[in-house]
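> sequence first, then the predicted structure, then my questions.
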Amino acid sequence: MDLFGLVAAERRRLADELEGLTAAEWKQASLCAGWTNHVVAAHLTLPWSVSKPRFLVGLAKERGNIDRAMDRFSHEQAERLDPASCVAALHDHAEDRFTPPGFGPEAPLTDVVVHGADILAPLGRSVTHDPDALRAVLTVVAGPKARRAFGAPSIEGLVLDATDVELRVGTGDSVVSGPALALSGVILGRTAHAAQLSGDGAPLLAART
């Protein structure tokens, strides 16, 4: 599977959809706590905008707290780039191959798919994702790397059954069914997606997030 190819395609797909947002929609709150849609879009441009030395300095300022560092970088980037510039950057840098330490292309793929929904879902908008992209995102989000990097909950004892792509992740007696993006979003704390999930394991997963 060409994961970098999927990253590029998903960035372009999202950018095309974002071109239709109004000024008011850019100012609306996203599903990413504390971030407007504009800040989320700015965040997606950071891989090619923040050098390693600058990132390390920013991380040091936040005493090693990566969440606070990313929050600072994302808001600062939104001050530098207006929404149209963020969209243009997604187009222009769609094929950028930066990956964070310890991760491969599954990291930027997860970033663009999940954060894209952070923007679009509250607006009643969506894009049609490549099924391979959805499978890759749910697989990594449900795995140990996501627990270490994002504080995602363990899915021990749960089976995640994606209803829109062919994928079942996990082992256990309790099943959580729903679209792959909704499953991924809930694992990463986007409780707004929980209404799309069903099965006896759905309350268990919700309680862990």
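All right, it came through fine.
> and the strands in the protein?
157-162, 167-169, 172-178 (DSSP state E).
> out of those, nearest to residue 107?
Closest approach to residue 107 among the strands of the chain (Cβ to Cβ): strand 167-169, 17.7 Å. No exception for glycine: its C-beta is placed from N, CA and C like everyone else's.
> which residues does the closest one contact?
134, 135, 138, 139, 142, 155, 159, 160, 161, 162, 180 (Cβ atoms under 8 Å, 6 or more residues apart in numbering).
> can we see that at 7 Å?
Residues outside strand 167-169 that contact it (Cβ atoms under 7 Å, 6 or more residues apart in numbering): 135, 138, 139, 142, 159, 160, 161, 180.
> distance check, the residue of the chain positioned farthest from its centre against residue 147.
Each residue of the chain has a distance to the centre, and by Cα atoms, centre = their mean the biggest one is for residue 173: 27.9 Å. Residue 173 sits 21 Å away from residue 147, going by Cβ to Cβ, to the nearest Å.
> now the helices for the protein?
Listed in chain order, the helices of the chain (DSSP state H) span 3-18, 23-27, 37-43, 52-61, 66-80, 83-92, 106-120, 131-141, 144-150, 180-187, 202-208.
> adding distance to residue 100, mean neighbour count and mean pLDDT as columns, could you present those in a markdown table?
Shown next, in a markdown table, are the helices of the chain (distance: least, Cβ to Cβ, whole Å; neighbours: other Cβ atoms under 10 Å; pLDDT from 0 to 100):
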| stretch | distance to residue 100 | mean neighbour count | mean pLDDT |
| --- | --- | --- | --- |
| helix 3-18 | 13 | 20 | 98 |
| helix 23-27 | 26 | 13 | 98 |
| helix 37-43 | 13 | 26 | 98 |
| helix 52-61 | 9 | 12 | 80 |
| helix 66-80 | 10 | 16 | 91 |
| helix 83-92 | 18 | 18 | 98 |
| helix 106-120 | 5 | 24 | 97 |
| helix 131-141 | 12 | 22 | 97 |
| helix 144-150 | 8 | 16 | 79 |
| helix 180-187 | 18 | 26 | 97 |
| helix 202-208 | 24 | 15 | 93 |
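> identify whichever of the ones you listed lies nearest to residue 166.
helix 131-141 (7.7 Å).
> report the angle between that closest one and helix 3-18.
110 degrees (axes from the mean of the first three to the mean of the last three Cα atoms, to 10 degrees).
> which other residues reach helix 131-141?
1, 3, 6, 10, 106, 109-110, 113-114, 146, 152, 160, 162, 165, 167, 169, 180-181, 183-184, 187-188.
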